[in-house]
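> any chance you could fold what I've pasted below:
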Amino acid sequence: MLKKLAVGIAVGLAATSAQASDWLHCGDVFDSQSGQLVGERYIEVENGDIKSVKVNAPGNSGSLIDLSDSTCLPGFIDLHVHLDGQSGPNSYIKQFTQNPADLALVAQNYGMKTLKAGFTTVRNPGDSDNVTIALRNAINAGITDGPRIYTAGKSIATTGGHADPTNGWKEQLMGRPTPKDGVINSEEDAREAVRQHYKDGADFIKITATGGVLSMASSGDNPQFTDDELEALVDIADDYNFHVAAHAHGKAGMLRAVKAGIASVEHGTYMDDEVIAAMKEHGTYLVPTILAGKFVAEKAEIDGYFPEVVRPKAREIGPKIQDTFAKAYKAGVNVAFGTDTGVSAHGDNALEFQYMVEAGMPEAEAIQAATSIAADFLKNDKIGRIEANKKADIVAVKGNPLEDITLLQNVSFVMKGGKVYKQ
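All right, here's what the predicted structure looks like:
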C-alpha cells in the first residue's frame, strides 16, 4: 500500500515538497486539452514535474496525497494581475509614502494570496519600480515562494496618459518622465523604452493604448499613441522576442494597437464589430478583466473611495466590460483569462470564472481559458495541463466545477512545481 502523506497548510517558505515518486489520488481530473473530466486518476510527481498519469493505483512506491473526494485541475493562470498594490481610498497617497522595498514586500504577500487561491502562474502587466521583476527572480531562485511570474515591469505610456506615473502630482514634483520611466512621445522614445525594459529584465511589454479608469486624468478611452509610435514599439519588441499587451478601452486606440500587431487587448470595453474583425484577422487575444469592471462600478458609488476625476469613468466603463466580453466571445475572438486583480482584492481572482460563465461561456471553456489556452498564449508548454512531463502545478476542489463554476472560488488543494501550498 502507498503511504498516505499528511500535508498541512503551507505558510511562506514552509511549503511541503512532494518527495520523489509521490502520488496524488484524484477522484476526477479535468483534461484542459479536451475540456472534459476524464475520471479517477493517480498522478505521479517527481522533482517538481508530473512523471505519469495512471488510471490504476500504483504499487508500493512513495507516498499518497488523498484527493479521492476532489476534482483535480491544472494550476490556474491569470494573465492580468498587479501584485504590487491593491486599490482603495488610500492607494493614491501611498505612492508618496511607500518605498520600492515596501512595494516588494507587498507584492510577495499578494503573490502568496494569489497562489493559495489556485493561481500558480500570473502575468503582471505593469508595476512600480520593477518590483515584480525582483520578486520573479527571487521566486525562481528559491529565495521566497509565490506564483510563477511573467512581468512587464513598468507599463509604457505617453505624457499625461494612463500609466504616466506623475499624473495628478503638483508641478514641482511632476518633472518630465522619460522612456526610462516608461513615458514616450516619439518613435525614438518607443524604441528606447523597449530596450530599457529588456535591460531591466522584463518578460514582455505592456502599453496603455487608451485612457484608463483609475489614472488621474479625465478620459478613460481616448487614443494615446500614434500609429508610428505603436509600430515602432511592436517592431522593436519583436527583436527582443517580447509580446505586447495593450490596455485599451476606446475603439480608436484599440484598433490602432491591433493593426500594429499587439498580442492582446486588455479590457476592450468599447470594442465594436470593426475591432472584432481586426482582432480575428490578426489573431489578437482578448483578456477581458470582467472582475475589475464590476469592482470599480460598485466602488464608484461609495463617496471617497475614488478621487472625483475617477468616479465618472468607473461608472461609465466598469459595467460595460462583461457585455463586451460576451459579444467578443460569441463572435469568435480568442479569449484568455485575466482579472486585473489589484484593482479588486488579491485572492478573489476566481470570481472571473463565474462572470465569464454568466456572459455565456461554457464552464469548460472558461477553465481552458485559464489553463491550456493561457499557457499557449505564454508559449509555455510545461504548464496548463495535467500530463506527463509538465510542471506539477495542480489544484483541487470538492465537487464538479463543470456543474458549479463557483467551486473554483474555494480551492482545497494547491501544488506548484511539486510543492504543496494548501490542503
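> what's across from Lys206 in the sheet?
Lys206 has these beta-bridge partners by DSSP bridges: Ala245.
> that one reaches Arg123, doesn't it?
No. If you go by Cβ atoms under 8 Å, Lys206 and Arg123 don't touch, sitting 9.1 Å apart. Where you see a C-beta, it was placed from the backbone N, CA and C, and this is true even at glycine.
> and the gap between Glu403 and Pro362?
Going from Glu403 to Pro362 by Cβ to Cβ, to the nearest Å gives 12 Å.
> higher neighbour count, these two?
Comparing Glu403 with Pro362 by other Cβ atoms under 10 Å, the one with more neighbours is Pro362, at 13 against 9.
> please enumerate the shared neighbours of Lys206 and Arg123.
152, 245 (Cβ atoms under 8 Å, 6 or more residues apart in numbering).
> just the helices in the stretch 201-350 of the chain please.
Secondary structure of the stretch 201-350 of the chain by DSSP state H, counting those that start in this stretch: the helices cover 227-239, 251-260, 273-282, 290-299, 311-317, 321-331.
> packing partners of the second one?
Helix 251-260 is packed against helix 227-239, strand 244-248, strand 264-267, helix 273-282, with contacts defined by 3 or more Cβ pairs under 8 Å, 6 or more residues apart in numbering; DSSP states H and E.
> hmm, 7 Å instead?
Packed against helix 251-260, as judged by 3 or more Cβ pairs under 7 Å, 6 or more residues apart in numbering; DSSP states H and E, are the following elements: helix 227-239, strand 244-248, helix 273-282.
> okay, buried residues for the lengthiest helix in the chain please.
When the chain is parsed with DSSP state H, its longest helix is helix 100-116. By 16 or more other Cβ atoms under 10 Å, the buried positions in helix 100-116 come out as 103-108, 110-116.
> list the helices and strands that helix packs on?
Helix 100-116 packs on helix 131-140, strand 413-416, strand 419-422, going by 3+ Cβ pairs under 7 Å, 6+ apart.
> contacting residues around Phe413?
67, 70, 395-396, 422-423 (Cβ atoms under 7 Å, 6 or more residues apart in numbering).
> nearest to Ala345, out of the helices of the stretch 201-350 of the chain?
helix 290-299 (8.3 Å; Cβ to Cβ).
> what is the orientation angle of that closest one with helix 321-331?
In terms of direction (axes from the mean of the first three to the mean of the last three Cα atoms, to 10 degrees), helix 290-299 departs from helix 321-331 by 150 degrees.
> buried stuff in helix 290-299?
290-297, 299.
> turn these into TSV, including pLDDT and distance to Thr324.
Converted to TSV, the buried residues of helix 290-299 look like this (pLDDT from 0 to 100; distance: Cβ to Cβ, whole Å):
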residue	pLDDT	distance to Thr324
Ile290	98	9
Leu291	98	14
Ala292	96	13
Gly293	95	9
Lys294	95	13
Phe295	92	16
Val296	93	15
Ala297	92	13
Lys299	89	20
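> test my guess that Glu363 contacts Pro401.
Yes. Glu363 is within contact range of Pro401, at 6.4 Å (criterion: Cβ atoms under 7 Å).
> quick one, which of the two is more surrounded?
The residue with more neighbours, out of Glu363 and Pro401, is Pro401; 24 against 21, by other Cβ under 10 Å.
> can you list the low-confidence ranges for the stretch 51-200 of the chain?
60-61, 92-93, 166-167, 169-170, 172-174 (pLDDT under 70).
> swap in 80 and give it another go.
For the stretch 51-200 of the chain, the stretches with pLDDT under 80 are 59-62, 91-96, 163-164, 166-177.
> so what's the residue count around the nearest residue to Lys259 once chain neighbours are set aside?
Excluding the flanking residues, the one nearest Lys259 by Cβ to Cβ, 6 or more residues apart in numbering is Ala278, at 6.2 Å. Look at Ala278: counted by other Cβ under 10 Å, it has 17 neighbours.
> just the angle for the longest helix of the chain relative to helix 131-140, thanks.
Using the same axes, to 10 degrees, helix 100-116 lies at 60 degrees relative to helix 131-140.
> let me see the residues that make contact with the following helix or strand past helix 100-116.
Counting by DSSP states H and E, the next helix or strand C-terminal to helix 100-116 is strand 119-124. Residues from elsewhere that reach strand 119-124 (Cβ under 7 Å, 6+ apart): 75-83, 114, 132, 147-152, 349, 383, 393, 416.
> buried sites along the longest strand seen in the chain?
Assignment by DSSP state E gives strand 63-74 as the longest strand of the chain. Using 16+ other Cβ under 10 Å as the test for burial, strand 63-74 gives 63-67, 70-74.
> okay, the helices and strands packed on helix 251-260, which one's buried deepest?
Ranked by average neighbour count under the criterion mean count of other Cβ atoms under 10 Å, the helices and strands packed on helix 251-260 are headed by strand 244-248 at a mean of 29.
> show me what it is packed up against.
With 3+ Cβ pairs under 7 Å, 6+ apart as the test, strand 244-248 has strand 205-208, helix 227-239, helix 251-260, strand 264-267 packed against it.
> tilt between that strand and strand 119-124?
Angle, strand 244-248 to strand 119-124, by the same axes, to 10 degrees: 80 degrees.
> show me how this protein divides into domains.
3-75+385-422, 76-377 (automatic domain parsing).
> now the end-to-end length of the longest one.
Same thing as domain 76-377. One end of domain 76-377 to the other measures 13 Å (Cα to Cα, to the nearest Å).
> kindly report the same for stretch 260-274.
15 Å.
> and that stretch, what's buried?
Neighbour counts over stretch 260-274 (16+ other Cβ under 10 Å) mark 260-271 as buried.
> can you list contacts of that stretch?
Here stretch 260-274 has contacts from 80, 125, 221, 227, 230-231, 234, 243-251, 254-255, 258, 279, 282, 284-289, 317, 320-321, 324, 328, 338, using Cβ under 7 Å, 6+ apart.
> right, I'll leave it there.
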